[in-house]
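In: Build me a structure from this.
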Amino acid sequence: MLETGGAAAAATLVVGGLLAVEWLWLVSRAAPSPETAAATWAAGTLLVVVGLCAYAYANADENVAPGNAGTAESAAESPRAYDDLGVPTTVTLVRGFLVAGVAGIVGVALHGSLSPSWAWAAAGGYGVAAALDALDGALARRLDRVSRLGARLDTAVDAFGLLVAPLAGVLLGELAWWYLSVGAARYVFLVGRRLRERAGRPTFDLPPRASRRVLAGVQMVVVPLALAPGVFDSWMPLVTGVAAAALLVGFARDWGYVSGRLGNEGDGDAPVAE
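Out: Model (predicted):
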């Protein structure tokens with residue numbers, strides 16, 4: 001089912017993307033040529049879509065209810081498995097496809113300067129993806145379709161979106177280069193943790209903190225506004241600076257917990273460390 005859905009989504013994106021890019025170029029008369037822009041956008045978008053579908057397929061056995069790990073009941077019973085992706089996880093995949101479209105714009109921007117229409121397209125695509133972030137989790141709880149796969153995909157889409165959307169902003173001239181640290185922070189954190197584990201050094205779990213989700217949510221509000229040309233441009237250096245600083249301080253604090261410098265509180269891993 002995942003293969004069929006991925007192929008259908010990819011075909012839809014390619015056909016729709018070719019038409020959308022052609023329309024954008026006709027409206028804005030932007031370089032590069034419409035053929036080059038269409039091919040670049042479609043290739044970049046399709047690459048991310050295939051990667052996302054492959055990730056979902058590789059983790060298909062995680063399409064089960066989370067259960068209560070560590071309890072006597074969970075040891076006696078297998079997690080409830082689902083026969084299909086369900087509406088919440090499908091919404092998460094749609095978010096991923098929108099982020100893939102922004103990644104395609106990054107590829108087009110590598111050819112040279114583009115018109116503001118491209119920045120608006122990136123702002124709209126990522127803005128909708130960010131808005132849907134509040135929907136998939138709520139639907140999962142409402143429909144009783146919370147799954148490990150959905151949680152994995154949600155974390156992956158959030159992290160990748162905060163990597164490619166700021167990159168699009170930098171290439172389109174809407175964001176300062178230093179804001180790329182926001183997207184890189186999680187991956188640097190994960191690599192650092194893995195290296196610490198491989199070296200055999202003590203590595204501790206993160207205490208659960210709601211502030212992690214709040215700080216990530218702030219970035220998802222700030223980035224679409226920063227991508228939109230002419231929207232609060234005079235305020236954006238200050239807003240993005242404060243938002244980025246808060247997130248990076250949060251990662252520094254979490255590294256203190258992982259390395260044991262701040263002590264080990266709680267037993268659960270936070271989403272940022274998965």
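
In: only C-alpha atoms for contact and neighbour calcs from this point on.
Out: Fine.

In: and the strand or helix carrying residue 197, what does it pack onto?
Out: Element membership for residue 197 (DSSP states H and E) is helix 180-198. Helix 180-198 sits against helix 148-171, helix 236-259, with contacts defined as 3 or more CA pairs under 8 Å, 6 or more residues apart in numbering; DSSP states H and E.

In: Let's see that with 6 Å instead.
Out: Applying 3 or more CA pairs under 6 Å, 6 or more residues apart in numbering; DSSP states H and E, we find helix 180-198 packed against helix 148-171.

In: If you average the pLDDT over the helix it packs on, what comes out?
Out: Average pLDDT, helix 148-171: 94.

In: Which other helices and strands does it contact?
Out: Using 3+ CA pairs under 6 Å, 6+ apart, helix 148-171 sits against helix 86-109, helix 180-198.

In: Any chance you could list what contacts that helix?
Out: Applying CA atoms under 6 Å, 6 or more residues apart in numbering, the contact partners of helix 148-171 are 62-63, 66, 89, 96, 99, 103, 106, 175-177, 180, 183, 227.

In: Show the buried residues in these.
Out: 62-63, 66, 89, 96, 99, 103, 106, 175-176, 180, 183, 227 (16 or more other CA atoms under 10 Å).

In: Distance to residue 253 added to the contacts of helix 148-171, as a markdown table?
Out: A markdown table is the format used below for the contacts of helix 148-171 (distance: CA to CA, whole Å):
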| residue | distance to residue 253 |
| --- | --- |
| 62 | 30 |
| 63 | 32 |
| 66 | 28 |
| 89 | 31 |
| 96 | 29 |
| 99 | 28 |
| 103 | 30 |
| 106 | 31 |
| 175 | 26 |
| 176 | 24 |
| 177 | 23 |
| 180 | 19 |
| 183 | 17 |
| 227 | 29 |
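
In: tell me which of those residues is nearest to residue 34?
Out: Distances from residue 34 to these, taken as CA to CA, are shortest for residue 106 (15.6 Å).

In: what number of residues lie near the closest residue to residue 256 other than its chain neighbours?
Out: Using CA to CA, 6 or more residues apart in numbering and skipping the chain neighbours, the partner closest in space to residue 256 is residue 262 (5.1 Å). Burial of residue 262 is recorded as 12 neighbouring residues (other CA atoms under 10 Å).

In: Phi first, then psi, for residue 262.
Out: When read as degrees, to the nearest 10, the backbone of residue 262 gives phi -110, psi 10.

In: That one contacts residue 253, doesn't it?
Out: No. Using CA atoms under 6 Å, residue 262 is not in contact with residue 253, being 7.9 Å away.

In: ok, now which ones touch residue 49?
Out: Counting by CA under 6 Å, 6+ apart, residue 49 touches no other residue.

In: Lowest-confidence entry in the contacts of helix 148-171?
Out: Within the contacts of helix 148-171, lowest confidence goes to residue 66 (85).
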